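[1] What follows is a predicted protein model with its sequence.
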Amino acid sequence: MTAREVHDWLGSLPVRDGWTWISTPRAFAHDEGGYDAQYANDPANLAVGRGMVRLLRRRGASFDRPGVEIGCGTGLLSLGLAAESPYPLTLLTDPSPAFLRITRDKVARRGVEPSRVAYGVLMGEEIDRLPAGAFSLVALRSTLHHILDVDRFVRDAARALAPGGVLTFQEPCLEGYVLMGALVQFLAPLAAASGRALSPAQAAKVDEFTRSMSFYARRDVDKRQAEDKHLFRVDELMRSSRAAGMDMEFLPNVEYNQFDSPADAAAPSPVSFTAFFRSYARYCMSWDEALMARFDELLVPYCRVVEESSGGGSGPYLHGVFVATKR
Ligand SMILES: C[S@@+](CC[C@H](N)C(=O)[O-])C[C@H]1O[C@@H](n2cnc3c(N)ncnc32)[C@H](O)[C@@H]1O
């Protein structure tokens, strides 16, 4: 499909409160404006979408049809993608109109030519509503783990792609997160053995970390009501991609923005386990400085074996970039 045909298809859909409804809207589980505050409107954020585009160029991906992003949130990936504008049209989608408004304002402030970007309310579970074979790109950053039926999503994303088109996402991996959860549960006994037990509030934060890793990893609980649902296994995603007619590459422990830097772009360095573990506790699990001090004192020494075991390779998979190309 050409950009004009995708525009025409969007024009045939209902418009409510100024947004094209591919799906019925759904607000995010947390305040959208508060979520945006953590990214501080940093111009460095442009590197995320630009890095993704540079990675796809290096992989020889096709750019001749429109691209679509699922779960654009506050535009962390979208902004660089829209600013580069390598596709004839970039369709940015999210279930939350509040997120779409934030992203649209950021894209407009960058001066992106309005005819090259479109916006739509879309649930990932309803990506089968996109026209078949219409897109050169389906992209997600930290969104696939919110979508209930991943195999179905992969199949339906492949259907939306033209041959040579790419499904790409950056997502967390099961083994590294389970390893973090397994290690973190030793913090309370180690603190008690050191003669300075954790406070009840600190013990509760540690317990929350362990239980969250276990919940995300499990496949035997009902996750319909949970916002964060999954951790991924590379072998499973490769299998579902192959079944959907795509060949998948996995780049472990790296992020899209690393492909933006000319020095690093060909082979970006994988993140260190300890650095990732620390920042996950600090920022994703909201540990305060006092609890981080106990982390550094008691857990970091036990991370050394993981660092050594990662020498010369990527180490346990914490997250990574997936690139699946439709045959
Ligand atoms: C963790 S945020 C990531 C946002 C953005 N992609 C980024 O990298 O900052 C997850 C995003 O996925 C969206 N989301 C949640 N559930 C979704 C679903 N079922 N289908 C599509 N998007 C969903 C949320 O509204 C939110 O924008």
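    That came through fine. Residues are numbered from 1 along each chain as shown.
[2] does the closest residue to the ligand within the stretch 151-300 of the chain belong to a helix or a strand, and which?
    For the stretch 151-300 of the chain and the ligand, the shortest gap (Cβ to the nearest ligand atom) falls at Glu227, measuring 6.9 Å. No exception for glycine: its C-beta is placed from N, CA and C like everyone else's. Following DSSP states H and E, one finds Glu227 outside all helices and strands.
[3] In contact with it, which residues?
    Phe28, Ala29, His30, His146 (Cβ atoms under 8 Å, 6 or more residues apart in numbering).
[4] what does Pro95 give?
    Counting by Cβ under 8 Å, 6+ apart, Pro95 touches Ser23, Pro25, Arg26, Ala27, Phe28, Gly71, Val121, Leu122, Met123.
[5] same for the ligand: which of those residues are within range?
    When those are checked against the ligand using Cβ under 6 Å from any ligand atom, the ones in range are Phe28, Gly71, Met123.
[6] Find the nearest non-adjacent residue to the last one, please.
    To tie it back to what came earlier, the one meant is Met123. Once flanking residues are discounted, Met123 sits nearest to Ser23: 4.2 Å by Cβ to Cβ, 6 or more residues apart in numbering.
[7] how about that neighbour, what does it touch?
    Counting by Cβ under 8 Å, 6+ apart, Ser23 has contacts Pro95, Val121, Leu122, Met123, Glu126, Arg129.
[8] one more time with 6 Å
    Val121, Leu122, Met123, Glu126 (Cβ atoms under 6 Å, 6 or more residues apart in numbering).
[9] same deal with Gly181?
    Taking Cβ under 6 Å, 6+ apart, one finds Thr210, Met213, Ser214 in contact with Gly181.
[10] Can you select the buried ones from those residues in PyMOL?
    Only the buried entries of those go into this PyMOL selection, using 16 or more other Cβ atoms under 10 Å:
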select buried, resi 210+213
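[11] What distance do you get for the spatially most central residue of the chain to Phe99?
    The chain has Ser142 as the residue nearest its centroid, 1.7 Å off, counting by Cα atoms, centre = their mean. The gap separating Ser142 from Phe99 is 13 Å, by Cβ to Cβ, to the nearest Å.
[12] which residue of the protein sits farthest from its center?
    Per Cα atoms, centre = their mean, the residue of the chain sitting farthest from its centre is Gly195 (40.4 Å).
[13] How about Tyr302: what's its closest non-neighbour residue?
    Closest to Tyr302 by Cβ to Cβ, 6+ apart is Leu183, at 6.4 Å.
[14] coming back round to it: for the ligand, state which of the contacts of Ser23 is nearest.
    Using Cβ to the nearest ligand atom, Met123 comes nearest to the ligand of the contacts of Ser23, at 4.6 Å.
[15] Buried residues of the helix or strand containing Glu175, list them for me.
    Following DSSP H and E, one finds Glu175 within helix 174-184. Across helix 174-184, burial judged by 16+ other Cβ under 10 Å covers Leu174, Glu175, Gly176, Tyr177, Val178, Leu179, Met180, Gly181, Leu183, Val184.
[16] now those in CSV, with distance to the ligand and pLDDT?
    Shown next, in CSV, are those (distance: Cβ to the nearest ligand atom, whole Å; pLDDT from 0 to 100):
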residue, distance to the ligand, pLDDT
Leu174, 17, 98
Glu175, 21, 98
Gly176, 18, 98
Tyr177, 15, 98
Val178, 20, 98
Leu179, 22, 98
Met180, 18, 98
Gly181, 19, 98
Leu183, 24, 98
Val184, 21, 98
